[in-house]
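[1] Quick check, what structure comes out for this input:
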Amino acid sequence: IAQDNRIDSLKGILKTAKEDTSKVNALNFLADLTTTLDAVKGMKYAQEAFDLSNKLHYTAGIGTAYVVMGSSYLNQGKLDDAIVYLNKGLKICHDCGNKFDEAWAYNNLGVINERQGNYEEALKLYAISLNLKKQIGYKKGMARSYLNIAGIYIQKGQRAKAIENNKLSLKLRQEINDQTGVAECFTNIGVIQTDEGKFDEAYKSYSQALNIYNNTNNIQLSTTTVINIGYNYQQQGLFNKALEQYKKGLQMAEDANDEYVIAFCKSSIGSIYLQTGEYEEALKNILASLQLRQEMKDEHGVAQCYSNLGYIYREQGNYDKALKYYSDALIISQKIGNKKSTADDLNSVGNIYYLQKKIALALEKYKNSLNLFEELEDKHGIAQAKGNIGMIYAEMGKYDDAFLYYFASLSLRKEIGDQDGIATSNFHIAEVYKKQGKYEDSRKLLSESLKISKEINNKDLIMNAYLNFSSLDSIQASQPQITSD
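    Residues are numbered from 1 along each chain as shown. So this is what the prediction gives:
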């Protein structure tokens with residue numbers, strides 16, 4: 001509401017403003033406020049500021065207009081254009097001694113590098129921006145920089161540094177009573193809590209943030225939080241709820257013409273359809289996301305799409321093609337230094353080796369993945385990797401070792417409330433019981449797995465559970481019955 005009032009006030013001032021530098025400054029300020037709500041409209045105001053600045057030979061106004069234009073392109077997901085205009089603005093602002101807008105340009109160049117997966121470069125740019133903001137005592141901007149730095153550390157899986165920078169941001173936000181900034185800190189806390197498997201706490205953090213965003217009419221940050229809530233549900237195996245949030249986020253992103261978030265939402269929707277076995281819908285959404293991400297040179301996003309394509313080909317039995325996509329994803333994840341994605345991709349490559357009966361290679365990848373997940377303290381990933389290692393030992397007939405890893409995985413999944421993971425663990429343990437001839441134990445766990453699988457609509461697990469029940473019926477029917485005289 002406050003932002004809307006400022007926009008209306010500036011529009012009123014501009015109606016009677018003279019063609020001077022004050023009007024340029026008002027147009028640039030209006031463009032800045034507007035671009036987060038409507039990037040195209042923000043660009044229009046920035047162009048007016050640029051044209052008037054040229055007419056007046058007002059160099060400082062040209063520099064700021066360039067930075068606003070770059071920010072508008074960024075909000076539209078047009079990263080190449082954003083880089084060009086931000087760098088133009090950066091040079092002029094530096095020459096004019098305009099540290100405020102110079103810092104803004106460095107910050108947004110950091111955002112672009114973060115989106116492209118260039119995390120180390122993004123950290124450098126955020127640090128430069130932070131230093132400039134400190135020089136001019138701009139606390140709100142400093143808080144933004146700390147928050148952005150925290151976001152990078154979340155992506156890299158370095159939670160201690162993420163929490164440290166998030167606290168620095170939150171402290172500044174509270175000092176200046178910046179409610180939107182406080183909400184962003186809550187969002188970051190929610191992301192960390194989701195990664196730690198604290199799903200209920202994460203939902204509360206996201207809800208606190210969303211309430212503030214809605215009250216301040218911040219559509220861009222509301223959209224991000226809606227998507228985060230979807231991811232929180234997805235990590236719990238609550239796919240229908242996750243899909244509902246992702247589709248809501250997609251509609252919001254389309255309304256705002258934000259191509260980056262549109263691509264992210266389509267990929268997320270595709271990942272849900274992957275997990276529910278609806279591969280045609282998954283492929284449609286993932287390919288749409290991949291095209292947008294390649295156009296934006298979003299390396300992290302491209303890697304995610306490759307990984308999802310690998311999953312589809314894996315499920316279709318085309319293991320060579322699946323291995324190619326998973327390996328390509330792994331190469332990108334390692335290149336950009338994303339440890340979490342690297343761990344996920346190692347796990348995926350291990351899955352293909354397992355299906356190709358290359359057991360030793362699969363075990364190697366799973367153990368490498370486990371090491372990274374443990375380094376990141378990622379309980380969901382640790383549970384997944386331990387479950388896969390258990391699967392290898394079961395395949396080798398080392399049932400004691402298999403149980404050790406399977407039950408460790410199941411315990412973690414229960415701790416973090418991962419319903420899909422619990423169903424999967426119960427299914428695999430049931431398989432080992434069947435191999436050991438403990439048929440009633442196997443039936444009991446299969447029943448538990450089937451119940452959860454139906455609740456979360458995991459079609460693959462439902463089908464496999466019924467197949468195993470059929471197998472147990474055949475085995476027990478073929479055994480001689482012991483009767484008494």
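[2] tell me which residues in stretch 185-201 are buried?
    Neighbour-count burial for stretch 185-201, counted by 16 or more other Cβ atoms under 10 Å, picks out 185-199. Placement of C-beta: from N, CA and C, glycine included.
[3] out of those residues, which one sits closest to Asp400?
    Lowest distance from Asp400 to these (Cβ to Cβ) belongs to Gly197, with 27.2 Å.
[4] With Leu210 as the reference, measure out to that closest one.
    Distance, Gly197 to Leu210, using Cβ to Cβ, to the nearest Å: 21 Å.
[5] Give me the packing partners of the longest helix anywhere in the chain, helices and strands only.
    In the chain, with assignment by DSSP state H, the single longest helix is helix 459-478. Judged by 3 or more Cβ pairs under 8 Å, 6 or more residues apart in numbering; DSSP states H and E, helix 459-478 is in contact with helix 419-435, helix 439-456.
[6] so which of those is the most packed in?
    Mean neighbours per residue, mean count of other Cβ atoms under 10 Å, is largest over these for helix 419-435, with a mean of 22.
[7] Send me that helix as CSV with only the CA atoms.
    C-alpha atoms of helix 419-435 as CSV (Å, rounded to 0.1, in the frame of the first residue of the first chain):
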residue,chain,number,x,y,z
GLN,A,419,6.2,-39.5,3.4
ASP,A,420,7.5,-40.6,0.0
GLY,A,421,10.8,-41.6,1.5
ILE,A,422,9.1,-43.6,4.3
ALA,A,423,7.0,-45.5,1.7
THR,A,424,10.2,-46.2,-0.3
SER,A,425,12.1,-47.4,2.7
ASN,A,426,9.3,-49.7,3.8
PHE,A,427,9.1,-51.1,0.3
HIS,A,428,12.8,-51.9,0.1
ILE,A,429,13.0,-53.4,3.6
ALA,A,430,10.0,-55.6,2.7
GLU,A,431,11.9,-56.8,-0.4
VAL,A,432,14.8,-58.0,1.8
TYR,A,433,12.4,-59.8,4.2
LYS,A,434,10.9,-61.5,1.2
LYS,A,435,14.4,-62.7,0.1
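[8] That one packs against which elements?
    helix 379-395, helix 399-416, helix 439-456, helix 459-478.
[9] what's the offset of that helix from the middle of its chain?
    Its chain's C-alpha centre and that of helix 419-435 lie 28 Å apart, by Cα atoms, centre = their mean, to the nearest Å.
[10] Over to stretch 197-213?
    Using Cα atoms, centre = their mean, the offset of stretch 197-213 from its chain centre is 16 Å.
[11] so is Glu19 in a helix, a strand, or just coil?
    Following DSSP: H, G, I helix; E, B strand; the rest coil, Glu19 is assigned to coil.
[12] burial measure for it, as a count.
    The number of residues packed near Glu19 is 10, by other Cβ atoms under 10 Å.
[13] residues of stretch 401-421 that come out buried?
    Of all the residues in stretch 401-421, those buried under the rule 16+ other Cβ under 10 Å are 402-403, 405-406, 408-410, 412-413, 416-421.
[14] Please disregard the earlier target; I meant stretch 198-218.
    Neighbour-count burial for stretch 198-218 [16+ other Cβ under 10 Å]: 198-199, 202-203, 205-206, 208-210, 212-213, 216, 218.
[15] how far does it sit from the chain's center?
    In terms of Cα atoms, centre = their mean, the centre of stretch 198-218 is found 17 Å from the chain centre.
[16] So which residues make contact with that stretch?
    Applying Cβ atoms under 8 Å, 6 or more residues apart in numbering, the external contacts of stretch 198-218 come out as 1-4, 36-37, 179-180, 182-184, 186-187, 189-191, 193-194, 221-222, 225-226, 228-229, 232, 235-236, 416-417.
[17] any idea how far Arg293 is from Leu412?
    Arg293 sits 32 Å away from Leu412, going by Cβ to Cβ.
[18] what stretches of the stretch 351-485 of the chain score poorly on pLDDT?
    Applying pLDDT under 70 to the stretch 351-485 of the chain picks out residues 480-485.
[19] any idea of the mean pLDDT for stretch 109-128?
    On average, the pLDDT along stretch 109-128 is 89.
[20] How about that stretch, which residues are buried there?
    Neighbour counts over stretch 109-128 (16+ other Cβ under 10 Å) mark 109-119, 121-123, 125-126, 128 as buried.
[21] can you give me the helices for the stretch 151-300 of the chain?
    Using DSSP state H, counting those that start in this stretch, the helices found in the stretch 151-300 of the chain span residues 159-175, 179-195, 199-215, 219-235, 239-255, 259-275, 279-296, 299-315.
[22] Now the fourth one - C-alpha only, PDB.
    The C-alpha atoms that make up helix 219-235 are tabulated as PDB, following Å, rounded to 0.1, in the frame of the first residue of the first chain:
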ATOM      1  CA  ILE A 219       3.900  -9.500  -5.800                       C
ATOM      2  CA  GLN A 220       7.400 -10.600  -6.700                       C
ATOM      3  CA  LEU A 221       8.400 -11.700  -3.200                       C
ATOM      4  CA  SER A 222       4.900 -13.200  -2.600                       C
ATOM      5  CA  THR A 223       5.400 -15.300  -5.700                       C
ATOM      6  CA  THR A 224       8.800 -16.600  -4.500                       C
ATOM      7  CA  THR A 225       7.300 -17.500  -1.100                       C
ATOM      8  CA  VAL A 226       4.400 -19.400  -2.700                       C
ATOM      9  CA  ILE A 227       6.900 -21.400  -4.700                       C
ATOM     10  CA  ASN A 228       9.000 -22.100  -1.500                       C
ATOM     11  CA  ILE A 229       5.800 -23.400   0.200                       C
ATOM     12  CA  GLY A 230       5.400 -25.700  -2.800                       C
ATOM     13  CA  TYR A 231       8.900 -27.000  -2.400                       C
ATOM     14  CA  ASN A 232       8.300 -27.500   1.300                       C
ATOM     15  CA  TYR A 233       5.300 -29.700   0.500                       C
ATOM     16  CA  GLN A 234       7.200 -31.500  -2.200                       C
ATOM     17  CA  GLN A 235      10.000 -32.500   0.200                       C
END
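[23] counting contacts, what elements does it pack onto?
    The contact analysis (3+ Cβ pairs under 8 Å, 6+ apart) places helix 219-235 against helix 179-195, helix 199-215, helix 239-255, helix 259-275.
[24] do you know how far the closest residue to Asp441 other than its chain neighbours is from Arg443?
    Leaving aside its chain neighbours, Asp441 sits nearest to Tyr433 (4.3 Å; criterion: Cβ to Cβ, 6 or more residues apart in numbering). Applying Cβ to Cβ, the value for Tyr433 to Arg443 is 9 Å.
[25] low pLDDT regions in the stretch 1-150 of the chain?
    In the stretch 1-150 of the chain, residues with pLDDT under 70: 1-4.
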